[in-house]
Structures are given as C-alpha cells and as structure tokens.
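K.L.:
Build me a model:
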Amino acid sequence: MSHELLLVLCLLGVAIALFSLGRPRADVVALLMVAALPFTGVIDVSEAIAGFADPSVVLIALLFVIGEGLVRTGLAQRISALILRVARGDETMLVVALMLSVGVMGSVMSSTGVVAIFIPIVLRIARSSRIAPGRLMMPLSVAALCSGMMTLVATAPNLVVHGELLRDGYTGFAFFDFLPFGAPVLALAIGYMLFARRWLTGGAPAASTRAPRLEDWIREYRLGDRAFRVRVLADSPLAGRVASALEEGELAGMNVLAIEQLGRFGQRLLLSPQGRRLLPGDALLLDLHDPGVDAAARFEALRLEALPLEGAYFSGYANDIGMAEMMVAVNSPLAGVSANRARLQDRHDLALIGLRHGRTAEVSDLAEEKLEVGDTLLVAGPWPAIRALGSGPDGLILLHLPSESEEVAPAAPRAPFALACLLLTIGLMVSGIVPNVHAALIGCLLMGLTGCVDLRSAYRSIHWPSLVLIVGMLPFSLALQRTGGVDLAASLLLEAVGDAGPRVVLAAIFAVTALFGMFISNTAIAVLMAPVALAVAQYLGMSPYPFAMTVALAASAAFMTPVSSPVNALVVGPGGYSFGDFVKVGTPLAVLTLLLVVLLVPIVFGM
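P.N.:
As a prediction, this is how the structure comes out:
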C-alpha cells in the first residue's frame, strides 16, 4: 500500500466516521474533504472542485426544479389525493394505494419531495381513519426509497452510477433500464409492509402547538350549514348580471366567494367575483351570513340548481379558497363600523364569514354587526388576498393561518403546463434525442416560461446540501483510482467471493453497499462503490452493467436506519419511531431485496 493511498484512506475513514456521528453536517464534511484532498498530492485543486461541473450534479439540480414545478402547480398533491381517496379508509387498501402512488410519483421527482408532500396527507388520513400514524409513515418512506429504483432520474445514486459508466467509456443506462427491477421490488415491499406493519406501533406524533385546521374553524364558527354551491340555469334572472351587485339585491344575506366557469382545461375557479358577469351554467360558491334567509326558497325563485359540495364548508377548495383569523387593532379605522360598511370583499376580495366578540362566535346577521377593537374576524377568499391584508391600512392584524396554508399550490392554474413540461422532459430522455441534462434544462426553462416556477422558487427548491455532498465525494473516486485503492478493494472482494460465482459476487457488492449505507449517505456510498463494481467486472471479464446496476439498487435499499436517507429521517418524528424500529422492519426487507436483485439482474442484463 502506497503512502498516497494510506493518506486517502485515512481521509475516507475520517469522512465515514463524521458521517456516522452526524456532526458536522454531511455537506460540511464533504467540503472539508474537498479542501483536504489536494494536500495528499494525488489530485490538484481543479480536480477537487471539478464535481461542480459534473453533468450528473447539474442534472440533479435541474430535477429539483422540475419537482418544484409539480408541487407549486398542485399536480403532485392532486394526484396523491386522488389515488389515496381510492382507499376509502381501509388500512390495507390505504397502504397499497399510498405505496403505489409514492412509487409512481417518486420515479419522476425527488423522493424526499414526495415524502414531504405526503406527510401532511397521511397525517390527515390517519386522523380521520383513526389509524396510528406509525402504521403508515414507514410504508411511505419504504415506497419512496423503492421509487428510486424505477427510473434513471429517480434518485441521485442512479445518476452517480450512470456518470461513472460514462466516465469509463460506456454508454450508461437508459431512462427505463431500472424499471424491470424497481417494479418487482416495489411489489415485494408492498406485500412485506402489509405483513410487517404489525410491528409498527408508533402512535401519534409528539404533542406540539400546531396551527388550527379549517375543520376546527368550521366547527368553532358553526359554518357547516352555511355553504352552498348552485348552478345558474339558462332561464335564471341572474344570467348576465354582475355577481358582486347581487349581494345587495337578489342574493342579500349571502357572500359570493367564487364563481366556477367552464374553461379550456375544464372547470376554472374565478376567485375575484367583483365585476364578473354570470353566464348560464356557471356555479356560484355562496356563504349564507344571515341565518334568517330561506336559502332553498331563494334558489328556487332565482332558478338556481343546488349542487353537491366536496367537504365541509368549501374545504374541498382549500387550495384556492383560504381562511384566516384577523384582529381589529386599536388604531383600525374599521372599529365602530358595521361589517357591511367595512366592505372587505369590495376592497380586498375577502368575505367576512365569522366574528367573535371575546370568546363567543356570533350567529346573527354578520352584515349588521359592528366591529369593535379586539374582535376576531374570520375571513375567506383567495390566499394571496389573505396574506396581503395584514399589511394594509385597515389596521387588521393577522392572527392565525390554518395549517392547510402550507399545502397551497400557488401556481395551481398552470398544472396542465407542468404536466406537459414533465412529459416532454421524460420523452426527450427516453428517446435520447438530446443528453439527459439538456432535456432537464429544456424542461426547467419551459416550467419557468409557463409560470409553473419562478426564479426565487427555483433556486430555493434545489437541495444544495445534497449537491455539495456529491461534489465533495466525487474526488475520492478519482483519488482511489489513481492510488490503486479501487483495484485493491476489487481484489479483496474477489479474494473473498470470486470463486463462488457471479451471483455471489453481486450479492457481496449489494451487501457491502447496503451496510455502508446504514451509516453514510446512499449517494456517497454510490460514489465510492461504483468504481469498485466496475473494476470487479473488468477483472472477471464480464459486462459492467449488472455490477453497476447492483450498486445503484443497493444504494436505494437504505431501509435499515433512519440516518441512511433523508427520506427515513423525515418520517421519524411524525411516525413516532425509534432507531430500532428501522432495524427491525428494514433489515428483513433489505435481505429480501438483495435476493430479488441478485436473481433478476443477471437475467435482464446477462453477465
């Protein structure tokens, strides 16, 4: 062993030890290694920082932006909510639907982002279905990890291994080369979690001061019977009339919160009804603020057809119509003014739907109630209008936003464009017309051009610690190759299992990758193990693709500890898990995945 190799191995050991301890952060450790490696004399500074220009690193950054476009347009949330609704409260169906939806979505966007989207959805379903969150959160993380085995762009380790193949002069993997392994592994994981969930007893998350939910306000302000959705029939006297003018005439005692009209891509919601003329077929979302109004008789006289509502008091429109509690400040010009004269809807596109003098919510006609200093107002309307109201001249202080405000998709009307951009990007990658990084760049630019993302959200969406970690670990691969470390690791592996047959060698590579992945990032271990696997293939005179694929799949099989992947770390708190829960549930699944991968990889690729 040369002096240079000993220095590189010492630095690698320090990095692994720091990764295991979790201090400092993994990306800081990577930067320390970038600074330290040139002192070994094996690589120079330009080679140490060359990872910042690596196509795989750029591609990962671009994929974060595309994933952000799916989140901002609400496409991810809508797809997940639609699929989860199929479960209808049955726990078995819920686990299957949850894992399938996460597996599919995670194949084209960041698995960490998918888990972040699904956590509040799963908590809400667990609460309504009276299921312990711990029985659902680990199936969520397992499915997200399995989604990394579905496509080339699903997770960073796939791209790292793909990049190593390209650097060695091979053609790399195609977009769907991972699917023949990822789909069976996901099916295996679903069946396993249906059995293993009996070991998951995690209860509710630790108590915290959570934000109120819309359902809390609906109950507190007694809004349940005040929401109506009606269609304007062809012979209605309201057809052709301005919606906002009706609140003081035919629709007195009601607030027009929004209008549904048929648009190019289906129903569209007009959140600012002021000045809008009604057309036959339009649907009105109405709030009955005067309990003395006979709504049914009024609708019949005005030729309005009652339509069903999804959820209590427009909660089915929570992505578009929000609520907030405001307080009348001491210097507010609205103090002493009736709610009707305050004209919040004319000036701010917000309707006053609830009022509290002290602790008691009013149930009388809110329009005639006078506002007093210290009153709490519950307003409803578009989310941008709600957030802007607290900074206006009306002297209203924003008290509370519901927890649903964090799930709002600010670019929801652009969802069709986001879907088109995603499909175009995937199509370019699958066809190979342009390199993957070029396809992702085109997709990102189109996301921006169509308004699915803006520059601020695009930069914010990139998970810089992950990119820095990859950049910091890439020089180790080059340093180990130059000092003979890769050849040494490959020879040691071959001495241990080389005579036992190709499948045993693949199993050993999988096991080493997965075991190291218990304590350090799966991306970092992919960087280290990919060149070793390719060297083993070269020594054996076999195709490099089965060996490279085994490393990629093993890196995604990070089921065994909560620190091996951000996906696992995200569900620890909401699921109420301990370190041992992951070891108990994840270890058998990792072993089963190893057996399935070793069985399938030689069949699909050939040795």
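K.L.:
In the protein, where's the longest helix?
P.N.:
Ordering each helix of the chain by length in residues (DSSP state H) puts helix 579-605 first.
K.L.:
Which strands or helices does it pack on?
P.N.:
Secondary-structure packing of helix 579-605 (3 or more CB pairs under 8 Å, 6 or more residues apart in numbering; DSSP states H and E): helix 134-147, helix 179-196, helix 502-516, helix 544-556. Backbone N, C-alpha and C define where each C-beta goes, glycine included.
K.L.:
would you turn those into TSV with mean neighbour count?
P.N.:
Below are the helices and strands packed on helix 579-605 laid out as TSV (neighbours: other CB atoms under 10 Å):
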stretch	mean neighbour count
helix 134-147	28
helix 179-196	18
helix 502-516	21
helix 544-556	28
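K.L.:
Can you check which of those gets nearest to L528?
P.N.:
Closest approach to L528 among the helices and strands packed on helix 579-605 (CB to CB): helix 502-516, 7.5 Å.
K.L.:
Check which element follows that closest one along the chain.
P.N.:
Using DSSP states H and E, the helix or strand that follows helix 502-516 in sequence is helix 522-540.
K.L.:
and the angle for that next one with helix 502-516?
P.N.:
Inter-element angle recorded for helix 522-540 and helix 502-516: 160 degrees (by axes from the mean of the first three to the mean of the last three CA atoms, to 10 degrees).
K.L.:
Would you indicate which residues of helix 522-540 are buried?
P.N.:
The neighbour-count criterion (16 or more other CB atoms under 10 Å) identifies 522-537 as the buried residues of helix 522-540.
K.L.:
again, but for stretch 568-587
P.N.:
Taking 16+ other CB under 10 Å as the basis for neighbour counts, the residues of stretch 568-587 that come out buried are N568, L570, V571, V572, P574, G575, G576, Y577, D581, F582, V585, G586.
K.L.:
Out of these, which comes closest to E368?
P.N.:
Comparing the buried residues of stretch 568-587 against E368 with CB to CB picks out P574 as the nearest, at 45.0 Å.
K.L.:
just checking, the closest one touches F118?
P.N.:
No. Here P574 lies out of contact with F118, judged by CB atoms under 8 Å, at a distance of 10.2 Å.
K.L.:
The longest helix of the chain to helix 544-556, inter-axis angle?
P.N.:
Here helix 579-605 runs at 160 degrees with respect to helix 544-556, directions being taken by the same axes, to 10 degrees.
K.L.:
okay, the angle between helix 579-605 and helix 179-196?
P.N.:
Angle, helix 579-605 to helix 179-196, by the same axes, to 10 degrees: 150 degrees.
K.L.:
At which residues are the strands of this structure located?
P.N.:
Assigned by DSSP state E, the chain shows strands spanning 227-232, 254-263, 266-270, 283-288, 304-307, 321-328, 351-357, 360-361, 376-382, 396-400.
K.L.:
Outside of the fifth one itself, list whatever touches it.
P.N.:
Here strand 304-307 makes contact (CB atoms under 8 Å, 6 or more residues apart in numbering) with 228-233, 236, 238, 283-284, 296, 298-299.
K.L.:
Of those residues, grab the buried ones for PyMOL.
P.N.:
Those of the contacts of strand 304-307 that count as buried under 16+ other CB under 10 Å are selected in PyMOL with:
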select buried, resi 228+229+230+231+232+236+238+283+284+298+299
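K.L.:
can you list the strands of the chain in TSV and add distance to L82?
P.N.:
Shown next, in TSV, are the strands of the chain (distance: least, CB to CB, whole Å):
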stretch	distance to L82
strand 227-232	20
strand 254-263	19
strand 266-270	14
strand 283-288	21
strand 304-307	20
strand 321-328	19
strand 351-357	28
strand 360-361	34
strand 376-382	23
strand 396-400	29
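K.L.:
and these, which one's lowest on average pLDDT?
P.N.:
Lowest mean pLDDT within the strands of the chain: strand 266-270, at a mean of 64.
K.L.:
per-residue confidence at M549?
P.N.:
As predicted, M549 sits at a pLDDT of 94.
K.L.:
how close does it get to V256?
P.N.:
The spacing between M549 and V256, counted by CB to CB, to the nearest Å, is 58 Å.
K.L.:
for the helices and strands packed on helix 579-605, which one sits closest to Y170?
P.N.:
Y170 lies closest to helix 544-556 among the helices and strands packed on helix 579-605, at 6.1 Å (CB to CB).
K.L.:
mind listing what S2 touches?
P.N.:
S2 makes contacts with T483, G484, as judged by CB under 8 Å, 6+ apart.
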